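Colleague: Build me a structure from this.
(chains A and B)
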Amino acid sequence: MPEYTSLEKIRLAKIETLRQEGYEPYPTRAERTHTSLEAVSAFEQAEKQSPAGQPPEVKATLVGRIRATRPMGKLTFAHIEDGTGRIQLFFRLNEIGQERVDFFNQRFDLGDFIQASGTLMRTRTGEVSLLVHDYKMLAKAVSPLPAAKDETLEDGTVVRHAALEDPELRARQRYADLAVNPDVRDTFRRRAATVRALREFLDERGFLEVETPILQPLYGGAAAKPFVTHHNELDQDMYLRISFELYLKRLLVGNLERVYEIGRDFRNEGVSFKHNPEFTQLEFYWAYADYLQVMELTEQMVAAVCRQVTGSPQVTYQGQLLDFTPPWQRMAMCDGILETSGIDIDAHPNADSLREAIVRAGKQADPAATRGKLIDFLLSEFLEPTLVQPTFLYDYPRDISPLAKSKPGDPLTVERFEGYVSGFELCNAFTELNDPLDQEQRFLEMGRDYDADDEQQHPMDKDYLRAMRYGMPPCGGFGLGVDRLVMLLTDKHSIREVLLFPHMRTGED
RNA sequence: GGGCGCGUAGCUCAACGGCAGAGCAGUGGCCUUUUAAGCCAUUGGUUGAGAGUUCGAAUCUCUCCGCGCUCACCA
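Modeller: Have a look, this model is predicted:
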């Protein structure tokens, strides 16, 4: 049983009183003729058609949550909020009598849901309001909402008072956050619009949306630690997927030429402003395309999505104007690293030599790291922070890209690119390796480069190799962090702000 | 996991070694066009939890819990 606060006890007592009075605080059905938005526009329409000086007669039944009350003795003003916005209710002695005005003031609280019917009108200050003739409670709120009061200044700017701001509380009690912070609702509408726009873009281009297993007997497709679980009846360990890649590429073997999936990945790793243990990923695979074609499709897709969601291919992110209009800047990764760090990775074909160069540049280098990992280090240390405008970095070292195809004539480099925006990685793509014998070698190499107990090593996926042996068309593959794209399109610094229920350590309750 | 910071009323915050406070919300009263309505009165606290130092701890120290920033980790 919860410990009730003094405020909650008062409200519980009101519920008790209502029931004793034969008044049901949680009735089963509600009625509504207009949303608050529809009511205002219906009234404004009617005003235009009615003769000057003649207020129109528009009746409405509205529902919503009480967000503010201003009792003034013989009349009371209240604002209710529904899914479309706010509208003012006007309770007046002349219409409903003192008793009904008092009943509202005594039994209703902020946060309660109410149904009110009456006539729309303008108050003296010109606000379209519902002059209430009848009302009833739809649902009593026991706990007070975390207060949020808006003050509209003369110049139209809205000042928030007593808003719910604590990031922990906001994330743990997202329902309360959503209830009092309308901009949070907008963020998640925008998130839905982003996902919808991605789907439309790919659907229009002949990509088939598919669903592949989340619960897998073997994980793969990325270098990440998986969550492990267990199937009791089969007595079999299973993994939550860390990527969709290996299953989607099996579908190319099956002659599905263009496939995509939008869904959840799970990685058992650190949590940060850009990492959540589960996150939403988009992957697509495109037969007969290479990474250059994927690059072009990517910039078109992101620009189109941005335009559809925000109305413009440009967006302001954390104070910087980002422009997704194609073509994006393209930069060979080795050139970018050379420019920003002064280290020419091509001049250091092995790990020891590269490590020495890094130490000479005054940075610490992991003595156990492979050449690929050292390059990855240079990338994040020097180059990444400089990549603010959308940029494709291309051509990656082979040994950190076990599923990508080598560049013709350059066995150390694979045809891979990553899209960077605002200093972080947004997407990752390559020309897919479709040679089953080469792929088997890569799995074996990865097995050697990592300790046997390092869960980041790519386990050998024999069924995947069997699929590839049936013949896999040459293809380009692509992955994009949907949460990060939503961050960019909603100007949010933290991934937690674009997840309804981000991962939190188990709390006190 | 390391470093730094934060945790005080339902919400937002003050008090920084000397009686734990304000605004909002709540409760009672006044008020027939308000909109953070106003005015008068008033309730509300194990200061995240525990231990220690001290005549005295919200304040200083330690441990723990949670959150934020940051580093590490991370395709």
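Colleague: in a helix, that's where A:Leu37 is, yeah?
Modeller: Yes. Assigned with DSSP: H, G, I helix; E, B strand; the rest coil, A:Leu37 falls within a helix.
Colleague: Just give me the neighbour total for the closest residue in space to it that isn't next to it in sequence.
Modeller: Leaving aside its chain neighbours, A:Leu37 sits nearest to A:Thr84 (3.7 Å; criterion: C-beta to C-beta, 6 or more residues apart in numbering). Where you see a C-beta, it was placed from the backbone N, CA and C, and this is true even at glycine. By other C-beta atoms under 10 Å, the residues close to A:Thr84 number 14.
Colleague: What separation is there between A:Thr84 and RNA strand B?
Modeller: Relative to RNA strand B, A:Thr84 is positioned 17 Å away (C-beta to the nearest atom of the strand, to the nearest Å).
Colleague: Contact partners for the closest residue to A:Arg205 other than its chain neighbours?
Modeller: Of all residues not flanking A:Arg205 in the chain, A:Arg258 sits nearest, at 7.2 Å (C-beta to C-beta, 6+ apart). If you count contacts by C-beta atoms under 8 Å, 6 or more residues apart in numbering, A:Arg258 has them with A:202, A:205-208, A:284-287.
Colleague: If burial is judged by neighbour count, which of these pass?
Modeller: Those of the contacts of A:Arg258 that meet the buried threshold are A:202, A:207, A:284-287, by 16 or more other C-beta atoms under 10 Å.
Colleague: What about those, which are in strands?
Modeller: Residues of the buried ones among the contacts of A:Arg258 located in strands (DSSP state E): A:284-287.
Colleague: What residues does the residue nearest to A:Leu37 make contact with?
Modeller: For A:Thr84, the contact set (C-beta under 8 Å, 6+ apart) comprises A:35-38.
Colleague: just the contacts of A:Arg258 now: which is nearest RNA strand B?
Modeller: Of all the contacts of A:Arg258, RNA strand B sits closest to A:Tyr285, with 13.7 Å by C-beta to the nearest atom of the strand.
Colleague: any weak-confidence spans in the stretch 51-200 of chain A?
Modeller: By pLDDT under 70, the low-scoring segments of the stretch 51-200 of chain A are A:153-158, A:162.
Colleague: at 80 instead, please
Modeller: Residue ranges of the stretch 51-200 of chain A with pLDDT under 80: A:52-53, A:147-168.
Colleague: where do the helices sit along it?
Modeller: A:93-107, A:167-172, A:174-180, A:182-204 (DSSP state H, counting those that start in this stretch).
Colleague: Quick check: which helices or strands does the longest one pack against?
Modeller: Using 3 or more C-beta pairs under 8 Å, 6 or more residues apart in numbering; DSSP states H and E, the elements in contact with helix A:182-204 are helix A:174-180, strand A:208-209, strand A:258-266, strand A:278-287, helix A:291-310, helix A:482-490.
Colleague: wait, which of these is closest to A:Tyr470?
Modeller: Between A:Tyr470 and the helices and strands packed on helix A:182-204, the tightest spacing by C-beta to C-beta is seen for strand A:278-287, at 14.0 Å.
Colleague: what's around the spatially closest residue to A:Leu488 that is not a sequence neighbour, how many residues?
Modeller: Excluding the flanking residues, the one nearest A:Leu488 by C-beta to C-beta, 6+ apart is A:Tyr317, at 5.4 Å. The local packing of A:Tyr317 (other C-beta under 10 Å) involves 18 other residues.
Colleague: Also A:Tyr394?
Modeller: Neighbour count for A:Tyr394, taken as other C-beta under 10 Å: 25.
Colleague: Stretch A:97-107: which residues count as buried?
Modeller: Counting neighbours by 16+ other C-beta under 10 Å, one finds that the buried residues in stretch A:97-107 are A:100-104, A:107.
Colleague: domain ranges for chain A?
Modeller: Per the record, chain A has its domains at A:6-144, A:184-328+A:389-498, by automatic domain parsing.
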